[in-house]
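# How does the following fold in three dimensions:
(2 chains)
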Amino acid sequence: MNQLRSEALSPSEARRAFGGHAVAYSFAISTFVLFAIFVVVRQSRPFDLAAILPYRADILNGFGRTIWVSVISLIGSTSLGFFFYLLSASRVRYFRAFTDVFTEIIYGTPLLVMIMIMAFVIGPAFGSTNRALMGYVGLIVYITPYMTNIFKSAISSIGAEQYMAMDLFGFTPWQRYRYIIIPQIVRILMPPLMNNFSLIIKGSALLNVLSYRELFYEVQLMTNNNFRFVEGFLLMWLLYLMITIPLSQVTKWIDRKWGI
Amino acid sequence: MKLELEHVNHRYDVDVLHDLSLIVEGYKSIAIIGVSGSGKSTLLRLLSGLEMPTGGSLRVNNHDVTAPEYRKSVGFVFQSHNLFPHLTLLENITIVLEKTRGFSRKDAREQACRFLTMLHLDDQVHKLPRNVSGGQAQRASIARALSVDPEVIFLDEPTSSLDPVLTYEVLSAIKELRELGMEFVLVSHVMSFVHDFADYVVFMDDGNIGEHGPPTILENPQSQALIDFMAKVP
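Okay, the predicted model is just below:
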């Protein structure tokens, strides 16, 4: 539909609309940059990024660990989420009830609480004192019901009539999955999957409470030593935005390009 | 075309069709009409082999409609176009021909283009269904139904989701196909179209066959049900 509408615009109208769009966004972004500058110059101490330099290797490592733990959690929660989707679609009533109860518990739990419980209560019960590992597990378990949900909605978006058409033309079960069902599900799944990835990246900051040396932890360690809170926290903020904003832009692009 | 219904019953939770028996032979385009819930779409689905009757037997051109190979010999056009949304108009046809009819890639493409051109879509073939109008999508779905070389094409209210302009566009495409000798069974609400398109009309009334005969029965309805129906539809 979008394409149809843009075709209806004359070239000059389209240029003006695009120009307006770009100008509005430059102004909006400038507003936030100015706000950041205002906040920086209002500090009592002069802004000195050089104070961070001695810690750059540690901070970069923390940044790397944040990405690493997020990727692991993405893979883990996607797999577990798909497994729970299968349970929730099962004919066994217990399995469906199990996933419902699980979802309710997780939705009602703050992520910080989940991580603490996993590291200090559930982990030890299974003989694990590896807090980093339990932190991963906590993050994975926490995101799982969100993943189950996106599988549910993606799979249910293929309507009964499409299955009728597949029946009518005589596609074999393998062909249905290979050519019709999975290609559609992948396209529908991508944007919410990327959103969840962003959720994981942001959530991973909480792993600092387990002394897991991700970005937040490393920056905090530095500020405790050199008291450069302003420089450290602003840099940290910027580093998070450097992953999450491109991610959300890519998501929008994929949705425009691939969406169905 | 020849339709034979013998004591056809069908039920979901309630009885939808009650003991239908009918033999119609020698017509090229048959229209099924009736109010919503009268069982007309159900009858069309049974005739096309999309659903199995709970009782009785149906034969179309001497094929038993419950035979698995029968489905491959029919074309079906759904209410909403029902194209696969992730494939272009062209791919929607080539995937069917290549994967289920054993066409080579090149032959599938040629056949698909031929039918898309016949439905005046030659400049839209590489677009996704969401990027064409409802009328164009519905015509592509007619092209898809035609491309498998069906004996009979079943159309289930093919214009019910379209505005009047797009409805006209789709109906005139169907008319052109009739002139090429295609055989149709169609469920429609557009009486003016039924009147000059169909050469036989079956009026469904609450799960029973009310009146049936050439389209002239619409001008001179005998039963109260058909009189009421004709008074209500435009």
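# Please list all residues in contact with the residue lying closest to residue B:205 once chain neighbours are set aside.
Excluding its sequence neighbours, the residue lying closest to residue B:205 (C-beta to C-beta, 6 or more residues apart in numbering or on different chains) is residue B:225, at 4.4 Å. Every residue, glycine included, has its C-beta placed from N, CA and C. Neighbour list for residue B:225: B:203, B:205-206, B:210 [criterion: C-beta atoms under 8 Å, 6 or more residues apart in numbering or on different chains].
# Also residue A:134?
Contacts of residue A:134 by C-beta under 8 Å, 6+ apart are A:115, A:118-119, A:122-123, A:128, A:210.
# Let's see if you can find the most crowded of those.
residue A:115 (28 neighbours; other C-beta atoms under 10 Å in any protein chain shown).
# any idea which helix or strand carries the nearest residue to that residue once chain neighbours are set aside?
Spatially, and ignoring its direct neighbours in sequence, residue A:115 is nearest to residue A:138 (4.2 Å; C-beta to C-beta, 6+ apart). Using DSSP states H and E, the element containing residue A:138 is helix A:131-156.
# if we can go back for a sec, return the member of the contacts of residue B:225 nearest to residue B:196.
residue B:203 (17.1 Å; C-beta to C-beta).
# That closest one: what's it in contact with?
Counting by C-beta under 8 Å, 6+ apart, residue B:203 has contacts B:33-34, B:209-212, B:217, B:225-226, B:229.
# Just the pLDDT for the residue nearest to residue A:115.
You'll see residue A:138 listed with a pLDDT of 94.
# Flag every buried residue along the biggest helix by length in chain B.
The single longest helix within chain B, with elements called by DSSP state H, is helix B:164-179. Along helix B:164-179, these residues count as buried under the neighbour rule (16 or more other C-beta atoms under 10 Å in any protein chain shown): B:166-167, B:169-171, B:173-174, B:177-178.
# Please point out which parts of the helix holding residue A:138 sit buried.
So helix A:131-156, judged by 16+ other C-beta under 10 Å, has buried residues A:131-132, A:134-152, A:154.
# Tell me which residues touch residue A:115, please.
Counting by C-beta under 8 Å, 6+ apart, residue A:115 has contacts A:134-135, A:138-139, A:142, A:206-207, A:209-210.
# Residue B:167 now?
Applying C-beta under 8 Å, 6+ apart, we find residue B:167 in contact with B:135, B:159, B:190.
# would you turn these into JSON lines with distance to residue A:242 and neighbour count?
Below are those laid out as JSON lines (distance: C-beta to C-beta, whole Å; neighbours: other C-beta atoms under 10 Å in any protein chain shown):
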{"residue": "B:135", "distance to residue A:242": "47", "neighbour count": "20"}
{"residue": "B:159", "distance to residue A:242": "52", "neighbour count": "23"}
{"residue": "B:190", "distance to residue A:242": "58", "neighbour count": "21"}
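# Tell me which residue of chain B is positioned farthest from its centroid.
Relative to the centre of chain B, the most outlying C-alpha is that of residue B:106, 28.6 Å out, by C-alpha atoms, centre = their mean.
# Doesn't that one lie inside a helix?
Yes - judged by DSSP: H, G, I helix; E, B strand; the rest coil, residue B:106 forms part of a helix.
# does any part of stretch B:63-81 sit near chain A?
Yes - on the criterion C-beta under 8 Å from any C-beta of the partner chain, stretch B:63-81 is in touch with chain A at B:71-72, B:74, B:76, B:78, B:80.
# just for the chain, where's the confidence low?
Looking at chain A here, since you left the chain open. Across chain A, the ranges flagged by pLDDT under 70 are A:1-19.
# at 50 what do you get?
A:1-7 (pLDDT under 50).
# of all of it, which residue lies closest to chain B?
Going by C-beta to the nearest C-beta, chain B is nearest to residue A:260 of chain A, at 4.1 Å.
# Next, count neighbours for that residue.
So residue A:260, with other C-beta under 10 Å, has 15 neighbours.
# Leaving out sequence neighbours, find the closest residue to it.
Among residues not flanking residue A:260 along the chain, residue B:85 sits closest, at 4.1 Å (C-beta to C-beta, 6+ apart).
# For the one you found, list the residues it contacts.
Counted by C-beta under 8 Å, 6+ apart, residue B:85 has contacts A:184, A:260, B:128-130.
# can you count the residues close to residue A:104?
Residues near residue A:104, counting by other C-beta under 10 Å: 11.
# Next up, identify which helix or strand the closest residue to residue B:105 other than its chain neighbours is on.
Nearest residue to residue B:105 in three dimensions, chain neighbours excluded: residue B:98, at 6.3 Å (C-beta to C-beta, 6+ apart). According to DSSP H and E, residue B:98 maps onto helix B:89-100.
# counting contacts, what elements does that helix pack onto?
Here helix B:89-100 touches helix B:105-118, helix B:134-147, going by 3 or more C-beta pairs under 8 Å, 6 or more residues apart in numbering or on different chains; DSSP states H and E.
# Residue of chain B closest to chain A, please.
The nearest approach of chain B to chain A comes at residue B:85, 4.1 Å away (C-beta to the nearest C-beta).
# Look up the residues forming beta bridges with the most centrally placed residue in chain B.
The residue lying closest to the centre of chain B (C-alpha atoms, centre = their mean) is residue B:155, at 1.4 Å. As for beta bridges, residue B:155 partners with residue B:77, residue B:186 under DSSP bridges.
# ok, it - contacts?
B:76-77, B:142, B:174, B:184-188.
# repeat for residue B:215
B:31, B:194-196, B:198-201.
# so of the residues you listed, which ones are in strands?
B:31, B:200-201 (DSSP state E).
# For those, pick the one with the most neighbours.
residue B:31 leads the ones in strands among the contacts of residue B:215 on contacts (other C-beta under 10 Å) with 26 neighbours.
# ok, and what's touching stretch A:234-243?
A:36, A:40, A:49, A:52, A:59, A:63, A:67, A:201-202, A:205, A:215-216, A:219.
# 10 Å instead?
Residues from elsewhere that reach stretch A:234-243, judged by C-beta atoms under 10 Å, 6 or more residues apart in numbering or on different chains: A:36, A:39-40, A:47, A:49, A:52, A:55-56, A:59-60, A:62-63, A:66-67, A:70, A:197-198, A:201-202, A:204-205, A:215-216, A:218-220, A:222-223, A:228.
# about what we covered before: take the contacts of residue B:155 and lay them out in JSON lines including distance to residue A:80 and pLDDT.
Output for these, formatted as JSON lines (distance: C-beta to C-beta, whole Å; pLDDT from 0 to 100):
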{"residue": "B:76", "distance to residue A:80": "40", "pLDDT": "93"}
{"residue": "B:77", "distance to residue A:80": "42", "pLDDT": "92"}
{"residue": "B:142", "distance to residue A:80": "45", "pLDDT": "92"}
{"residue": "B:174", "distance to residue A:80": "51", "pLDDT": "86"}
{"residue": "B:184", "distance to residue A:80": "51", "pLDDT": "92"}
{"residue": "B:185", "distance to residue A:80": "49", "pLDDT": "94"}
{"residue": "B:186", "distance to residue A:80": "50", "pLDDT": "92"}
{"residue": "B:187", "distance to residue A:80": "47", "pLDDT": "93"}
{"residue": "B:188", "distance to residue A:80": "50", "pLDDT": "87"}
